[in-house]
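# Here is my input; please provide its structure:
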Amino acid sequence: MIKKLTLLVALSLPLGLIPEQAVSAELSQYTAGRVQRAHNLQQDEKLGEAIEMLEGLNPSRAYDKAYVQRMLGVFYWQQDNTAKAIANLTDAVNSGLLQDEQAWVTQRMLADILLSSEQFKQALPHYYALSKNIPENQKADELWLRIAQSHYQISEWQQTLSAINSYVKYAGKLDVQPLTIKLGAQLQLKQWKASLPTLESLIALEPNKLVWWQQTAGIQLRLGQSKSALDTLALARRQGVELTQQDLKTLAQLYAQRGIPERAAILYSQLDDADSDVELIVLQAQYWQIAKEWDKSIAVWHKAAALNNKYRWPLAQLLLQQGYYQKAIAELDKVKDKDHEADVALAKVRAYYKLDNLEKAIIFAKQADNIESTTASKSWIKYLSQKREMAS
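This next block holds a predicted model:
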């Protein structure tokens, strides 16, 4: 893009386009004639011949030499010979003999070529020299944008921001490109708070671009503004921006932190692997459980248990809590985890007790006590034995 802009500048230069009589007052008659012939060849798309003619000149007058070097610089650039274009334009500019507006445009072209060739440090002195005296028919905002780009490319972040501020003075507002440069510099300088208004402006210009929403939420989280981060991601989603799977997970976590676990559960249920990734299924079950949506949580725990038997235990606990005793026993029978062996036996005690089956309740109370004698197992044995005696 920079190269195309530079070429437009080059083609706008009045080099060789001035009739011979108009330049004869400054150029020698011989040089003026050759310059005109070279221009005609260039116009006839005989660029190589035009360059050869100018290269054959060896003007004795310093001004003639500078003028020819400038013209060669333009022609070499049109020929995509960047090195020779830079060399000739540098000599022409450094001569100091081109004092009219053509001189300003020539130096601007040299700076632009250096920029497009990624010679940023070399371009900057030319741009700053140009900024001191900008002709009325030239765009000052474009010049300062080039300066900002050059500083950005060599990681001079504070100078980048200064150049963008100068750009605003002339442009009046920032569009996407300068805003992006400004944002990049702010992030490199860790100016987190200052970067948020920049991102707001980018979102206003490109509301469907995901990265602006992501960066806004990320910075808000960095600043401890979790509520704002939630609002940012939620708004992006409402406006039809397609969030990534990780963005949706982050949003779900933010809903949970904000005390809205049911929204977290719904978001997890809408992820791509929501029915096959056991970790995602467990999160859904847990958030439904936190939301006290017991039956929804049970249904999801069933899915998790079908994929991994270790989730039989939380499923059985919830079934027991909700009074589904027979279903709880069926799931407890399938728990194979040795770490929960005593707990499973005690859970069965409670289930059978609720089902008024004292005999089985006592059996599992003794079993639990044999596995690991605890205050709970002993209490159950004592209590159930008394109940049985009373009943008999």
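# what about residue 235, which SS state?
Per DSSP: H, G, I helix; E, B strand; the rest coil, the local secondary structure of residue 235 is helix.
# can you pull the pLDDT of it?
With respect to pLDDT, residue 235 scores 97.
# Tally up the residues packed near it, please.
A total of 15 residues lie near residue 235 under the criterion other C-beta atoms under 10 Å. C-betas here are computed from N, CA, C, even on glycine.
# any idea how far it is from residue 384?
According to C-beta to C-beta, to the nearest Å, residue 235 and residue 384 sit 58 Å apart.
# and what of residue 354?
Distance of residue 354 to residue 384, given as C-beta to C-beta: 12 Å.
# if you count what's nearby, which of those two comes out ahead?
Ranked by neighbour count (other C-beta under 10 Å), residue 354 and residue 384 place residue 384 first, with 21 against 14.
# wait, residue 27 sits on residue 62?
No: shown here, residue 27 and residue 62 do not form a contact pair, counting by C-beta atoms under 8 Å, at 11.6 Å.
# Spatially nearest residue to residue 321 (excluding sequence neighbours)?
Spatial nearest neighbour of residue 321, chain neighbours left out: residue 294 (7.7 Å); criterion: C-beta to C-beta, 6 or more residues apart in numbering.
# and if you look at residue 115?
residue 123 (4.5 Å).
# residues in contact with the one you found?
111, 112, 114, 115, 146, 150 (C-beta atoms under 8 Å, 6 or more residues apart in numbering).
# Restricted to helices, list the residues you listed.
By the criterion of DSSP state H, membership of the contacts of residue 123 in helices covers 111, 112, 114, 115, 146, 150.
# low-confidence ranges in the protein?
1-25, 100-101 (pLDDT under 70).
# So for it, the centremost residue is which one?
Centroid-nearest residue in the chain, with C-alpha atoms, centre = their mean: residue 211, separated by 4.0 Å.
# Okay, and that residue sits in which element?
When elements are assigned from DSSP states H and E, residue 211 belongs to helix 210-222.
# buried stuff in that helix?
212, 213, 214, 215, 216, 217, 218, 219, 220, 221 (16 or more other C-beta atoms under 10 Å).
# now do stretch 55-72
Buried-residue list, stretch 55-72, by 16+ other C-beta under 10 Å: 57, 59, 63, 64, 65, 66, 67, 68, 69, 70, 71, 72.
# same check, this time on stretch 265-277
The neighbour-count criterion (16+ other C-beta under 10 Å) identifies 265, 266, 267, 268, 269, 271, 274 as the buried residues of stretch 265-277.
# Mind checking which of those residues land in helices?
265, 266, 267, 268, 269.
# List the contacts of residue 138.
By C-beta under 8 Å, 6+ apart, residue 138 lies in contact with 104, 105, 108.
# Then residue 289?
Contact analysis of residue 289 by C-beta under 8 Å, 6+ apart lists 297, 318.
# and it, backbone torsions?
phi -70, psi -40 (degrees, to the nearest 10).
# quick one on the thing from earlier: could you verify my assumption that the residue nearest to residue 321 touches residue 322?
Yes: in this structure, residue 294 is within contact of residue 322 by C-beta under 8 Å, at 5.1 Å.
# Can you show me the CA trace of whichever strand or helix holds residue 248 as CSV?
With secondary structure defined by DSSP H and E, residue 248 is part of helix 245-257. C-alpha atoms of helix 245-257 as CSV (Å, rounded to 0.1, in the frame of the first residue of the first chain):
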residue,chain,number,x,y,z
GLN,A,245,-15.0,-20.7,22.0
GLN,A,246,-12.5,-19.3,24.5
ASP,A,247,-14.4,-16.0,24.6
LEU,A,248,-17.6,-17.8,25.4
LYS,A,249,-15.9,-19.7,28.2
THR,A,250,-14.6,-16.5,29.6
LEU,A,251,-18.0,-14.9,29.4
ALA,A,252,-19.5,-18.0,31.2
GLN,A,253,-16.9,-17.7,33.9
LEU,A,254,-17.7,-14.0,34.3
TYR,A,255,-21.4,-14.7,34.6
ALA,A,256,-20.7,-17.2,37.3
GLN,A,257,-18.4,-14.7,39.2
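# Most neighbours among the contacts of residue 138, which one is it?
residue 108 (25 neighbours).
# Need the contact partners of stretch 189-206.
With C-beta under 8 Å, 6+ apart as the contact definition, stretch 189-206 has outside contacts at 157-158, 161, 174-176, 179-180, 182-183, 186-187, 209, 212-213, 215-216, 219-220, 222-223.
# Can you give me the buried ones in that stretch?
191, 195, 196, 198, 199, 201, 202, 203.
# Pick out the most distant pair among the residues you listed.
Longest distance between any two of those is 17.8 Å, between 191 and 203; criterion C-beta to C-beta.
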